[in-house]
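Student: Here's a sequence, model it:
(one chain, ligands or ions: 1)
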Amino acid sequence: MTEKLALFGGPKAVTKDPGDIFTWPIITEEHEQAVLKVLRDRSMSGTDVTLKFEEEYRKWVGSKYALAFSSGTASLQAALYGCKVGVGDEVIMPSITYWASGLQAYSLGATVVFAEVDPDTLCIDPDDIEKKISDKTKAIVAVHYMGYPADMDRIMAIAKKYGIKVVEDVSHAHGALYKGRLVGTIGDVAGYSLMTGKSFAIGEGGILTTDDREIYERAVAFGHYERYRPDLIQTEYLKEGAGLPLGGYKYRMHQMSSAVGLVQIKYYDEQIKKIQEAMNYFWDLLEGVPGIKAHRPPKDSGSTMGGWYAAHGLYRPDELEGLSVTTFCKAVRAEGCSTSPGCNLALHTHPLFHTVDVYGHGKPTRIANASRDVRELDVLPVSEKIGSMTYSIPWFKHYDKEIIEQHANAFKKAALNYKELLKIDEGNPEKLGGFNFFRSTR
Ligand SMILES: *Cc1c(COP(=O)(O)O)cnc(C)c1O
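Tutor: Numbering: from 1, shown residues only. Reported below is the predicted structural model:
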């Protein structure tokens, strides 16, 4: 027998004060002093602090080049430009991700082709990638979604076979390992958001890393006019435009963000070690509970979840006689544990990918320069139902055994009492999740 659900008047599973276990990012006097120094030096613009941050980040990743940006969105746009994505080209990306994984393709005159996600990893499905390739495909964006490393071996093999570049979107997975290798070092180039909600959090900002000199220089040329100088550029054809940004953008990082980044990078490995210990303990406690399944790589795979950004769980309603994730989450919340059903809404269901004419082409931007109607390829049943198969879980930043056990128990109670919940279940609403899903800071 399990205890009566709090939803029906039983005792709550979560009783202990969470303290600072959910507080993120961790900000100390060291960060404050670093930011104050930038202010007092009146060096909010400029690149001296940013160059230092780039060098530390580059060393941490182990890449040849790192280039800081005003946002992750900008870093990924420049990564696509770096891969020579241009007018009429196609970029393959998962439909389940944040829009900034590849919507920027529009601004380059290119379009987006969506691929399906895998229901266990929530990352792009390599089988579907191969079906979506055409002679216009220039790049694949592999998103390590909610920290789970995408299947890079298969993605790289497909890219090699067709001569396509791979952009890694590491905005959810700083420090995650794929079979022992750091994500962001496997594809041709990587873009990372470093905004405050992410696991590597410095304020608004992003960074690009690559080992490819030409990609790096194209990214510089695109939005870093002050560094786009003939004496610094080696790629011959890029010298012509030096002095002005080819993209018409100014993308350098705010130096207060760079200053915060220089402090964050000193402690990040240590911090995610604690997060991993806490999050893995949470899932260990729920191993074998019907209806719920951990979203993490197998233990002996050499792969890890990095900082567990926006951690989610997998929901398997067939193991609970079809109980909706909506009612399941309602019961968990009543236990004192915050959770909500769904994750990112499938991007291909938004009008921006159907009808919206952004630039005045007189037709939808998605197909403005395309050589085929790529909207017809949006047959993505898993992406469309992924909301009913996922829910958010607490993102623990420290290992406090009792707090973690209480939160795990909230999920366990809801699952084990599913028969009671079936009696009040009204199913899921049509849409679960959102297009602009991201966690607040605490
Ligand atoms: C946050 C995020 C971005 C964009 O980063 P910003 O720094 O917010 O511009 C890109 N891709 C993914 C997957 C993200 O979550």
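Student: List the residues that contact the residue of the stretch 101-250 of the chain found nearest the ligand.
Tutor: Going by Cβ to the nearest ligand atom, the ligand is nearest to S193 of the stretch 101-250 of the chain, at 2.9 Å. Placement of C-beta: from N, CA and C, glycine included. By Cβ atoms under 8 Å, 6 or more residues apart in numbering, the contact list for S193 reads S71, G72, T73, S75, A100, S171, G205, G206.
Student: wait, which of the residues you listed is closest to E32?
Tutor: Proximity of the contacts of S193 to E32 (Cβ to Cβ) peaks at G205, which lies at 17.6 Å.
Student: By residue count, which strand of the protein is the longest?
Tutor: Ranked by number of residues, the top strand in the chain under DSSP state E is strand 137-143.
Student: Show me what that strand is packed up against.
Tutor: If you count contacts as 3 or more Cβ pairs under 8 Å, 6 or more residues apart in numbering; DSSP states H and E, strand 137-143 packs onto helix 72-82, strand 90-94, helix 152-162, strand 165-169.
Student: how about E55, secondary structure?
Tutor: Assigned by DSSP: H, G, I helix; E, B strand; the rest coil, the conformation of E55 is helix.
Student: For the residue lying closest to it once chain neighbours are set aside, give its distance to the ligand.
Tutor: Leaving aside its sequence neighbours, E55 sits nearest to A66 (Cβ to Cβ, 6 or more residues apart in numbering; 7.4 Å). Counting by Cβ to the nearest ligand atom, to the nearest Å, the separation of A66 from the ligand is 15 Å.
Student: How many neighbouring residues does A66 have?
Tutor: For A66, the count of nearby residues is 22 (other Cβ atoms under 10 Å).
Student: how about the residue of the stretch 101-250 of the chain closest to the ligand, phi and psi?
Tutor: Dihedral pair for S193: phi -80, psi 140, per degrees, to the nearest 10.
Student: just to revisit the earlier point, which of the contacts of S193 has the most neighbours?
Tutor: Greatest neighbour count in those, by other Cβ under 10 Å, goes to S75: 34 neighbours.
Student: just checking, it touches I207?
Tutor: Yes. Under the criterion of Cβ atoms under 8 Å, S75 makes contact with I207 at 5.8 Å.
Student: Give me the common contacts of these two.
Tutor: Listed as contacting both S75 and I207 by Cβ under 8 Å, 6+ apart are L67, F69, G191, Y192.
Student: contacting residues for the second one?
Tutor: What that stands for is F69. Going by Cβ under 8 Å, 6+ apart, F69 touches S75, A78, G205, G206, I207, L208, G223, Y251, R252, M253.
Student: 10 Å - rerun?
Tutor: 50, 75-79, 191-194, 204-208, 219, 223-224, 249, 251-253, 257 (Cβ atoms under 10 Å, 6 or more residues apart in numbering).
Student: Equivalent analysis for the first one, please.
Tutor: The neighbours of L67, taking Cβ under 10 Å, 6+ apart as the test, are 50, 54, 57-58, 75, 78-79, 82, 189, 191, 206-210, 215-217, 219-220, 222-224, 227, 251-253.
Student: how many other residues sit next to A334?
Tutor: 19.
Student: cool, and L422?
Tutor: Neighbour count of L422, defined by other Cβ under 10 Å: 14.
Student: For the nearest residue to it once chain neighbours are set aside, list the residues it contacts.
Tutor: Excluding the flanking residues, the one nearest L422 by Cβ to Cβ, 6+ apart is L323, at 5.6 Å. Going by Cβ under 10 Å, 6+ apart, L323 touches 291, 315, 317, 331, 414-415, 417-422, 425, 427.
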